[in-house]
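Trainee: Requesting a structural model of the entry that follows:
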Amino acid sequence: MSKRKKRKTTTAKTAATARTTGSERGAFAAVERPTTRLGYDALSERGMARPLVVSARTEDKELSRRDRLALSSSARELARNFALFGFALRQHLCFVSNFRFACASGDRTLDEAVEREFGAWAREPERCHFSKRHDFWTLLRLIETHRVRDGDVGALRVDDGETQAIQLIEGDRIRDEDAPSATQELKHGVRIGRRGENLAYKIYRRTPEENGYAFERWISARKMDLIGYFDAHDQVRGVSPLPSGVREYWHLYECFDLALIKMKSEMTIGLIVNRDKSDDGFGTDAERAARAENAFDPRAASEKYGDGLMLFDLGLNEKASVFHDGTPSQNFQSFVESTTRLALAALDVPYSFYDGSSTNFYGSRGELNHYVERCKLKQRAFFPFLNKTTRWLLECWERDGRIPSGAASIPFRWTGAAVPLWLLVGDAKDWQVAISNGFADQRTACELHGVDPRGTLRRTAEALDDARTNGVSLAYAPEYAGKTNIGI
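Mentor: From the prediction side, this is the model:
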């Protein structure tokens, strides 16, 4: 009976975290753990140098607390020092953190009263932010910033009886220092219920020196929403989409530095001097001394041409050439472009946003439309928080008499990412034909471009009333709009 071969094991770094090149730039330390290497012998026989390393562990187990901090630190370092990463993040925020609120009860007076109260609350940092620094729209942008950088962020609703505010709790403050995070009841600072639901969050505060954490309190899941990126149904803590692109950002960061150093060294006048020294060491001491005395010293040159450019009077058997290289080379530029595309793809940002010359107008417009649709999918994690927060605000305002009685149950809607309004102006005739033939309606056209259709109609009616009062005619509906039969 042949002996059963033991399965080989190895250690590997966490696969779900970013891989960087240098501990000084927030690189991950190696996380040693047993990992099964399947089929390594068979792969080696076929000449495949890289073995297949697989892991069936959940995301919460795969990404340890230490790795979560390292990923957040790496992303913050890139945001501080690398313009390309900051550009991609800002483009992402402009679309994903863009929301609009509107009431939909049908009662114009009631809708206007609620929208007016909500607008006043959202514009005043003293009312909507617990720390009284940011308005509500800035808070939404900060929530998405933390969600991308840290994986998730807590949004706590605070009602002190006078004001209702939102307090943001960073992902690194939701942690578990005492109990092991592998227990079924507690994962990374989240208490799990019998059905796998979030029951409460264990919150820590940073020490005054910000070199550690101290336990603060438990917060019920009914008061706080954990907003993050989730890729598995049983995932408790969010994981940022950045790990797939952080390595490319660091490669670009380092390559740009090296290319700049090379270019500067090329621009500096570097001379390569070749001399015939075949007679060195020959002759009498007096002859060698005479040659050394008559040797040309470039520091003593009297003729100069501009800063750093010097005339060298070389001998018959001496020659000098300027150090020169084609920097940046074509291969380097191709590498930078390909790597930039990969880095931007981590956040689904089209390359045409970064380099408009890479495509034509219709190509960039198609990429924009697809990007807006992808942003709408990313915004879905916001809507439970927005809906619960809005309902909570309406109940508090009705209690305090800020809105009419019964307004707490008013229907409302939140709309997300939209195509820029200037595209609607450019496609006005096409939309006009589509609406007049019943293929679309004004509400669809407005919401697709981030415009409130009800507010548009209200402002249009007000403009028409003002025009009639002042004896002015406004052509809001051209005559041919209702007579065209194009498309029928």
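Trainee: What is the neighbour count of Ala467?
Mentor: 13 (other C-beta atoms under 10 Å). Backbone N, C-alpha and C define where each C-beta goes, glycine included.
Trainee: nope, Asp231 is what I meant
Mentor: By other C-beta under 10 Å, 10 other residues sit near Asp231.
Trainee: Backbone torsions only: list them for Ala418.
Mentor: phi -140, psi 160 (degrees, to the nearest 10).
Trainee: For the closest residue to it other than its chain neighbours, list the residues it contacts.
Mentor: Nearest residue to Ala418 in three dimensions, chain neighbours excluded: Gly450, at 3.2 Å (C-beta to C-beta, 6 or more residues apart in numbering). Contacts of Gly450 were listed using C-beta atoms under 8 Å, 6 or more residues apart in numbering, and they are 98, 100, 415, 418-421.
Trainee: 10 Å instead?
Mentor: By C-beta atoms under 10 Å, 6 or more residues apart in numbering, the contact list for Gly450 reads 98-100, 372, 415-421, 424.
Trainee: Turn these into TSV, including distance to Gln330.
Mentor: Putting those into TSV (distance: C-beta to C-beta, whole Å) gives the following:
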residue	distance to Gln330
Asn98	39
Phe99	44
Arg100	46
Val372	35
Thr415	46
Gly416	42
Ala417	37
Ala418	40
Val419	37
Pro420	35
Leu421	40
Leu424	41
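Trainee: Pull out the buried members of those.
Mentor: 98-99, 372, 415-419, 424 (16 or more other C-beta atoms under 10 Å).
Trainee: In strands, which of those fall?
Mentor: Counting by DSSP state E, the part of these found in strands is Thr415.
Trainee: May I ask which two of the buried ones among the contacts of Gly450 are separated the most?
Mentor: The distance between the two most remote of these (C-beta to C-beta) is 18.8 Å, for Phe99 and Leu424.
Trainee: Against Leu347, how distant is Val148?
Mentor: 7 Å (C-beta to C-beta, to the nearest Å).
Trainee: joint contacts of these two?
Mentor: With C-beta under 10 Å, 6+ apart as the test, Val148 and Leu347 both reach 88-89, 92-93, 96, 240-242, 378.
Trainee: Restricted to strands, list the residues you listed.
Mentor: Counting by DSSP E, the shared contacts of Val148 and Leu347 contribute nothing to strands.
Trainee: will you turn these into JSON lines that also has distance to Thr339, pLDDT and neighbour count?
Mentor: What follows is the shared contacts of Val148 and Leu347, written out as JSON lines (distance: C-beta to C-beta, whole Å; pLDDT from 0 to 100; neighbours: other C-beta atoms under 10 Å):
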{"residue": "Ala88", "distance to Thr339": "13", "pLDDT": "93", "neighbour count": "27"}
{"residue": "Leu89", "distance to Thr339": "17", "pLDDT": "93", "neighbour count": "20"}
{"residue": "His92", "distance to Thr339": "18", "pLDDT": "93", "neighbour count": "23"}
{"residue": "Leu93", "distance to Thr339": "23", "pLDDT": "93", "neighbour count": "17"}
{"residue": "Val96", "distance to Thr339": "24", "pLDDT": "93", "neighbour count": "26"}
{"residue": "Ser240", "distance to Thr339": "20", "pLDDT": "88", "neighbour count": "28"}
{"residue": "Pro241", "distance to Thr339": "17", "pLDDT": "90", "neighbour count": "18"}
{"residue": "Leu242", "distance to Thr339": "15", "pLDDT": "87", "neighbour count": "27"}
{"residue": "Lys378", "distance to Thr339": "24", "pLDDT": "92", "neighbour count": "21"}
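Trainee: Need those in a markdown table (columns: distance to Ala104).
Mentor: As requested, the shared contacts of Val148 and Leu347 are exported to a markdown table (distance: C-beta to C-beta, whole Å):
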| residue | distance to Ala104 |
| --- | --- |
| Ala88 | 35 |
| Leu89 | 33 |
| His92 | 29 |
| Leu93 | 27 |
| Val96 | 24 |
| Ser240 | 34 |
| Pro241 | 33 |
| Leu242 | 37 |
| Lys378 | 24 |
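Trainee: Let's see which of the residues you listed end up in helices.
Mentor: 88-89, 92-93, 96, 378 (DSSP state H).
Trainee: And these, which is closest to Gly455?
Mentor: Nearest to Gly455 among these, with distances taken as C-beta to C-beta, is Val96, at 23.2 Å.
Trainee: Wait, that closest one touches Cys375, no?
Mentor: Yes - distance between Val96 and Cys375: 5.0 Å, which falls inside the contact criterion (C-beta atoms under 10 Å).
Trainee: what residues are shared contacts of those two?
Mentor: Joint contacts of Val96 and Cys375 (C-beta under 10 Å, 6+ apart) are 347-348, 416-417.
Trainee: How about the secondary structure of Arg157?
Mentor: Under the three-state scheme (DSSP: H, G, I helix; E, B strand; the rest coil), Arg157 adopts strand.
Trainee: what's the neighbour count on it?
Mentor: The tally of other residues near Arg157 (other C-beta under 10 Å) stands at 19.
Trainee: Any stretches of the chain with poor pLDDT?
Mentor: Residues of the chain meeting the criterion pLDDT under 70: 1-54, 178-184, 265-283, 287, 291-328, 421-422, 476-488.
Trainee: all strands for it, in order.
Mentor: So, for the chain - with DSSP E - the strands run 9-11, 34-36, 100-103, 152-159, 164-170, 186-187, 190-192, 198-206, 213-220, 224-228, 271-274, 319-322, 412-415.
Trainee: Most tightly packed of these?
Mentor: A comparison of the strands of the chain by mean neighbour count, using mean count of other C-beta atoms under 10 Å, puts strand 224-228 on top with a mean of 22.
Trainee: just checking, what packs against that strand?
Mentor: Other helices and strands packing on strand 224-228, by 3 or more C-beta pairs under 10 Å, 6 or more residues apart in numbering; DSSP states H and E, are helix 136-150, strand 152-159, strand 164-170, strand 198-206, helix 382-400.
Trainee: Please name whichever of those is nearest to Lys223.
Mentor: Closest among the helices and strands packed on strand 224-228, using C-beta to C-beta: strand 152-159, at 5.7 Å.
Trainee: Thank you kindly, that will do.
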